[in-house]
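Asker: Compute the structure for the input listed below.
(2 chains)
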Number of protein chains: 2
Amino acid sequence: MSNASQLNSVLDRIDADFDNSLQRLFALLRIKSISADPAFAEDCKKAAEHLARDIATIGFSAEVRPTAGHPAIVGKSNGGGTSRPHVLFYGHYDVQPVDPLDLWHRPPFEPVVTDHADGRKIIVARGAEDDKGQVMTFVEACRAWKSVTGSLPLDITMLIEGEEEVGSKNFVPFLEANKDELKADFALVCDTGMWDPNTPAITTSLRGLLYEEVKIKAANRDLHSGVFGGGAQNPIRVLTRILGSLFDDDGRITIPGFYDGVKDLPPDILDQWKKLNLTSEAFLKPIGLSIPAGEKDRLLIEQVFSRPTCDVNGIVGGYIGEGSKTVIPAQASAKVSFRLVEGQVPEKIRKAFRDYVSARVPKDCKVEFGDHSAAPAIALDWNMKPLAAARRALTDEWGKEALLIGCGASIPIVADFKKTLGLETLLVGFGLDDDNIHSPNEKYDLKSFHKGIRSWARILAALAEMPR
Amino acid sequence: MSNASQLNSVLDRIDADFDNSLQRLFALLRIKSISADPAFAEDCKKAAEHLARDIATIGFSAEVRPTAGHPAIVGKSNGGGTSRPHVLFYGHYDVQPVDPLDLWHRPPFEPVVTDHADGRKIIVARGAEDDKGQVMTFVEACRAWKSVTGSLPLDITMLIEGEEEVGSKNFVPFLEANKDELKADFALVCDTGMWDPNTPAITTSLRGLLYEEVKIKAANRDLHSGVFGGGAQNPIRVLTRILGSLFDDDGRITIPGFYDGVKDLPPDILDQWKKLNLTSEAFLKPIGLSIPAGEKDRLLIEQVFSRPTCDVNGIVGGYIGEGSKTVIPAQASAKVSFRLVEGQVPEKIRKAFRDYVSARVPKDCKVEFGDHSAAPAIALDWNMKPLAAARRALTDEWGKEALLIGCGASIPIVADFKKTLGLETLLVGFGLDDDNIHSPNEKYDLKSFHKGIRSWARILAALAEMPR
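Answerer: The predicted model follows:
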């Protein structure tokens, strides 16, 4: 039987087994694999071991492999010979921190299926979407193929890492060290979104990310603002003055050289994006906002997909408890990140930012910088063959043509796959803008999970049939 | 015997009993009477009861009196008849919070006498100076008088409150409700400093304080900065832009109307202050700074004594833990306070600040304000009789002429004494700029404590002899 003719049985199997798929996802969601916090290192290891055991049950030779940080999982299907396509599937088992915890309606690591306000069924937990739910759409699609046909339609290496949310610092050297073993024809990544709850999408461009920490130090101790106020410099004053000057009145970033190399969209893509008609009503209203905050002369869709940005992700200094304290603190710090686009070089932006800040620090204060991550933007090949195959499969499953879209977020590993393994990457995912990833009450639509599994089952078949 | 002739015996008694005085101070310092944090309410009550018991041992009829917040203590000496002067002594038993706790070299509520880097003996504990140490200089002076002569040289009402560090919100109504009982000829307050470790001072002007909290709310939840960055407003961006604009390049505060009513110093006082020659080397170097941060066209001594200021005392928003999180937070907030001078009306400044902020908040964001305290500046009568008497007594004790100085900090109760009780206040204290009040490792020089007690013993005698 051809893969195509077996597909219907596989899809039936997915529907019949869906409750079990959900339980397997829940088991993974219960593990507190927060990579940013060293207190959860043991949980990260537990998640890796759990996933390795799970994919071993589908016949993958799965190993938990050490890195200098949290471990990675490498799982290989039994090879069907070199005549079949061989894909490298990538995802991550680590999740973001859960604070502010008091804004969660339920404990973040006790997954449930519940009703969204508009009636959609949703899975709620940290990692429900990013990326445990998305990873499990692929795993469950493989499970269904294996269960119905006894094999997979093509050769698959699964590569699941545990440090995506903290910049993959130790995973990239792992890739380099194992590049021969990880060879494949192309990579699949499930960590992106759909256009809307009914319209599937393939992501063809990703913004990069530069993430900096900046600390201003003034006096050698906390001071009384009555005794010293007016005479002694306040590091919060210095920090807010610098951060407050990062944007001009038109929403442009003021760091000299920041926009160097940034190109306008090709007219045909801009036309296509204009037709998508992303409005403030549709994009901002659900999050309680109404005014696009980016460059005033750009479409909202450009602001979030194709323009570089700056955000202060965290700031702290002085007394932040209840009540009041008349203190001039000794230091204040902020976490500042930049979404980068094609043409921007992360290290150049880092230097430009640090120069900008340093030039504005009073001579008797000190500034310290810390780097969290740096990844360039990615533009994928719109004409790669797997893209056309996957697009057809997605269109079949959802009954609406799959769109080719940009993504504002970064998936830095895509650049590393290209550089280290020489692989193009196909980005397919089932997330939605209201999934609250990185926020309290993260969710994944039950429909995304179910039809996501079905989508991958179809994509695997389509990729297997693809002319090589 | 006249008071003057008994004074030497009283001073001898103070020297002989000093170790016990220190132990009594330590007992008070061990009580964690942090008024800002409701978790320490019981400790505040304990401190009040402890103090009341202690002054009862000197013959005061001392009571712990309830307020709507932490209790106050009222203690009255046995009246010697209406012919004697009657003073109202004020202090506070509450202390500032102790965070950041990891910067303390020792637990803050385990007082010790230790050596300062330059060889001075110091008492280290939260409250060692502000205000437990200062209060006990007065209590111990009374004890010595009582012990040697069996009575006090004049009538004294002691009034010790427990909410000075949180704005005395409940204490002011208490004053109002008990104003008949609290009548006196004038008030004494021990909560200020000396000019330097060898030069005593009487404070004749105090800056006021307006303390505001401002919270900016943007999206209805925390957002992923990749998905929403560039399109969604970031409340830290809004907050830092506003706070960063509060000062111009010359260190002047930019809020319209902020300087309305502020007068320049009278030429004679400015001349006197110029002669004091407060240098950056002397004032800023010990705290690790070198450049006066206030208005460029003002002397450093003006910046800290007589000019109004603005300080952000705390700021927080977004992710402030270890590592990185690509979040656009839903809200960000700051604690902002202003030191006010004569001529500035706190409520006008509050309105000007709120108008300034509100005008700069994007239409789709919200701003919320909270008020912590508001007190006008105080200018005392340089010619009041008790001032001359106290000045002579201080000069006798320290062997250097007592200076008349300004104080950058606020003691709002002084305005309330005037308004509610019709009393002028004499401000004498033995604090030093390097006492780390409101900071980790608060200290009080052992010499300040010892000679502070002796100073009060002399001042009481001088006030008793004062022509009425």
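
Asker: tell me the contacts of residue A:68?
Answerer: Counting by C-beta atoms under 8 Å, 6 or more residues apart in numbering or on different chains, residue A:68 makes contact with A:169-170, A:173. To be clear about C-beta, it is placed using only N, CA and C from the backbone, and glycine gets the same treatment.

Asker: Among the residues you listed, which one is most surrounded by other residues?
Answerer: residue A:170 (18 neighbours; other C-beta atoms under 10 Å in any protein chain shown).

Asker: Does the residue nearest to that one when sequence neighbours are not counted belong to a helix, a strand or coil?
Answerer: Spatially, and ignoring its direct neighbours in sequence, residue A:170 is nearest to residue A:69 (3.5 Å; C-beta to C-beta, 6 or more residues apart in numbering or on different chains). Following DSSP: H, G, I helix; E, B strand; the rest coil, the label given to residue A:69 is coil.

Asker: Okay, residue A:69 and residue A:166: tell me how far apart.
Answerer: Separation of residue A:69 from residue A:166 (C-beta to C-beta, to the nearest Å) stands at 8 Å.

Asker: What of residue A:196?
Answerer: Residue A:196 is 30 Å from residue A:166, by C-beta to C-beta.

Asker: Who has more neighbours out of the two?
Answerer: The residue with more neighbours, out of residue A:196 and residue A:166, is residue A:166; 24 against 14, by other C-beta under 10 Å.

Asker: on that earlier part again, list the residues that are in contact with both of residue A:69 and residue A:166.
Answerer: residue A:35.

Asker: if we can go back for a sec, who touches the residue nearest to residue A:170 in this structure?
Answerer: Applying C-beta under 8 Å, 6+ apart, the residues contacting residue A:69 are A:35, A:162-163, A:166, A:169-171.

Asker: same question, residue A:313
Answerer: By C-beta under 8 Å, 6+ apart, the neighbours of residue A:313 are A:211, A:335-337, B:225, B:236, B:318-319, B:324-329.

Asker: Next up, phi/psi of it, please.
Answerer: phi -90, psi -10 (degrees, to the nearest 10).

Asker: Identify the residues contacting the spatially closest residue to it that is not a sequence neighbour.
Answerer: Spatial nearest neighbour of residue A:313, chain neighbours left out: residue A:335 (4.5 Å); criterion: C-beta to C-beta, 6+ apart. Residues near residue A:335 by C-beta under 8 Å, 6+ apart: A:211-213, A:312-315, A:372, B:318-320, B:324-325.

Asker: could you redo those as a markdown table and give each row secondary structure?
Answerer: What follows is those, written out as a markdown table (three-state DSSP):
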| residue | secondary structure |
| --- | --- |
| A:211 | strand |
| A:212 | strand |
| A:213 | strand |
| A:312 | strand |
| A:313 | strand |
| A:314 | strand |
| A:315 | strand |
| A:372 | strand |
| B:318 | strand |
| B:319 | coil |
| B:320 | coil |
| B:324 | coil |
| B:325 | coil |
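
Asker: so which of the contacts of residue A:68 comes closest to chain B?
Answerer: Checking the contacts of residue A:68 against chain B by C-beta to the nearest C-beta gives residue A:169 as the nearest, at 10.7 Å.

Asker: Then that closest one would be within a strand, right?
Answerer: No. Counting by three-state DSSP, one finds residue A:169 to be coil, located in no strand.

Asker: Tell me how far it lies from residue A:375.
Answerer: 11 Å.

Asker: ok, residue A:290 - how many residues close by?
Answerer: By other C-beta under 10 Å, neighbour count at residue A:290 equals 14.

Asker: Let me see the contact set for the residue nearest to it when sequence neighbours are not counted.
Answerer: Nearest residue to residue A:290, sequence neighbours excluded (C-beta to C-beta, 6+ apart): residue B:364, at 4.3 Å. Contacts for residue B:364 (C-beta under 8 Å, 6+ apart) come out as A:284, A:288-291, B:218, B:233.

Asker: can you count the residues close to residue A:272?
Answerer: 14.

Asker: That one belongs to a helix, doesn't it?
Answerer: Yes. Counting by three-state DSSP, residue A:272 is found in a helix.

Asker: From chain B, how far out is it?
Answerer: Counting by C-beta to the nearest C-beta, to the nearest Å, the separation of residue A:272 from chain B is 19 Å.

Asker: cool, and residue A:187?
Answerer: Using C-beta to the nearest C-beta, residue A:187 is found at 20 Å from chain B.

Asker: go on, residue A:208?
Answerer: 10 Å.

Asker: and if you look at residue A:138?
Answerer: 21 Å.

Asker: List the residues that contact the nearest residue to residue A:293 once chain neighbours are set aside.
Answerer: In space, and not counting its chain neighbours, residue A:293 is closest to residue B:233: 4.1 Å by C-beta to C-beta, 6+ apart. For residue B:233, the contact set (C-beta under 8 Å, 6+ apart) comprises A:289, A:291, A:293, B:218-219, B:362, B:364-365.

Asker: could you redo the last one with a cut-off of 10 Å?
Answerer: Residues in contact with residue B:233 (C-beta atoms under 10 Å, 6 or more residues apart in numbering or on different chains) are A:251, A:284, A:287, A:289-294, B:216, B:218-219, B:223, B:328, B:361-365.
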